[in-house]
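>>> Sequence first, then the predicted structure:
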Amino acid sequence: VKQALYQDNMMSFRRGNLWRLVFGTYAVLWLTPLLQAQQLPRFTEQVQVTRILIDARVINDAGTPVLDLGSDDFEVKIGGKLAPIESVSWVSGHIGTPEDALKRSSVNDPGPLPQGRLIVFFIQKDMEQGRIRGLVRLLVELRKFLDTFTANDRIAVLSFDTHLKVWSDFTNNFDHIRAVLKDGVLFHSPEPVQQGTSPSLLPHLDLARTQRTYSVEKSLYLLGEALEPLPGSKAIVLVGHGFGFLTRHGVLMVNRYDDTSKMLQAARASVFSLDITDADFHALEVGLQNVSDETGGFFARTNVFTARPLKRLEGALTGHYVLLVERPPISPGEHRVQVKLTRVKGTVLARTSFVG
């Protein structure tokens, strides 16, 4: 009996040791990564922008560009702090900067940087009585305005009524653009658009999405998204009556407008808004004013005079300054950008925010 009890005790002891060994092994395997994570230093990759590029158009009271400006003629503040200016370059047309060449290589486009300007005519169509007369008048004037462009320039045409419509990719076939502005936008639907030579909107614009885009704000977002991969500064001539949501307390910017503004600024796309409304003031012009101010364009009413706004537009599109500035000591995030002249008179048109 004693011998049997002894053997039972030894078996129990061995089984206990075996379970302790198994448990201990799993505990070590489970705890080892945690201990290593505590002991090993963690490395994170962080990229901080040290140089910031700002496009600035400078025009005088007559609407003509102010030329021959240098670093001492500008003052730039970002987040309320001075941003030292490293260089100022005048760009007439679409002559690319080194940053443009680098960006072009990143989107697998080995071709040379195009000369000339990239302009988008964005037409907000509305047949309402207080808007249609202004729209027809502006479409006539825009056909004349085409005479200010050269063969190096490229123009695309989009419109919005019930959804976003694409009429033409970037092209220098101005006869085609005239035909679109004369009859197409008002009376027809666009035919399938042929992709033009580089640079082109279509590789970056999902035409299926345009059919499901039911607001001006979202349409402008898609346009900015398509323009962003293209090098250099661009201009959008927005012919329309405005957007926003009118309340008893004022106009609210809806449909994720803030995202639209940021996208257009990231695309280096300045919006020049020509208001077609037959009124000296109306609530929805706030949307046109906001998107123009924030992207480095301007807003103009055309109900009385159309020649002066178009003359000013011609001057603004003549060229622009590219300011390369150092990043001031600011925290990551969104910051207000302020650009002003120090020694000459004129109006500076530049984007109003920096994110980074």
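Ah, there it is.
>>> Name the helix or strand for residue 122, please.
Assigned by DSSP states H and E, residue 122 belongs to strand 118-124.
>>> what mean pLDDT does that strand have?
Mean per-residue pLDDT for strand 118-124: 99.
>>> residue nearest the centroid of this structure?
The residue lying closest to the centre of the chain (Cα atoms, centre = their mean) is residue 264, at 1.9 Å.
>>> which residue packs closest to that residue, ignoring adjacent ones?
Once flanking residues are discounted, residue 264 sits nearest to residue 224: 4.2 Å by Cβ to Cβ, 6 or more residues apart in numbering. From N, CA and C alone the C-beta is placed, and that goes for glycine too.
>>> what sits against that neighbour?
Residue 224 makes contact with 260, 263-264, 266-267, 269, according to Cβ atoms under 8 Å, 6 or more residues apart in numbering.
>>> Throw those residues into TSV and include secondary structure, thanks.
Below are the contacts of residue 224 laid out as TSV (DSSP: H, G, I helix; E, B strand; the rest coil):
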residue	secondary structure
260	helix
263	helix
264	helix
266	helix
267	coil
269	strand
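>>> so how far is residue 222 from the residue nearest to the centre of the chain?
11 Å (Cβ to Cβ, to the nearest Å).
>>> where along the stretch 101-250 of the chain do the helices fall?
For the stretch 101-250 of the chain, the helices defined by DSSP state H, counting those that start in this stretch cover 129-145, 174-179, 185-187, 207-210, 216-227.
>>> Would you reformat those as CSV and include distance to residue 300?
As requested, those are exported to CSV (distance: least, Cβ to Cβ, whole Å):
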stretch, distance to residue 300
helix 129-145, 11
helix 174-179, 21
helix 185-187, 20
helix 207-210, 27
helix 216-227, 18
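>>> Can you say which of those helices is nearest to residue 314?
helix 129-145 (7.4 Å; Cβ to Cβ).
>>> buried sites along the closest one?
Of the residues in helix 129-145, 131-132, 134-135, 138-139, 141-143, 145 count as buried by neighbour count, 16 or more other Cβ atoms under 10 Å.
>>> residue contacts, residue 349?
Counting by Cβ under 8 Å, 6+ apart, residue 349 has contacts 56-59, 270, 296-298, 316.
>>> What is the burial count for residue 302?
21 (other Cβ atoms under 10 Å).
>>> what sits against it?
By Cβ under 8 Å, 6+ apart, the contact list for residue 302 reads 134, 137-138, 274-276, 309.
>>> between those residues, which is nearest residue 123?
For these, the nearest to residue 123 is residue 138 (8.5 Å; Cβ to Cβ).
>>> Need the pLDDT of that closest one.
Value for residue 138, per-residue pLDDT: 97.
>>> show me where pLDDT drops low in the stretch 1-150 of the chain?
1-49, 93-114 (pLDDT under 70).
>>> Can you show me the strands along it?
Secondary structure of the stretch 1-150 of the chain by DSSP state E, counting those that start in this stretch: the strands cover 51-59, 74-78, 81-82, 85-91, 118-124.
>>> Fine by me, we can end here.
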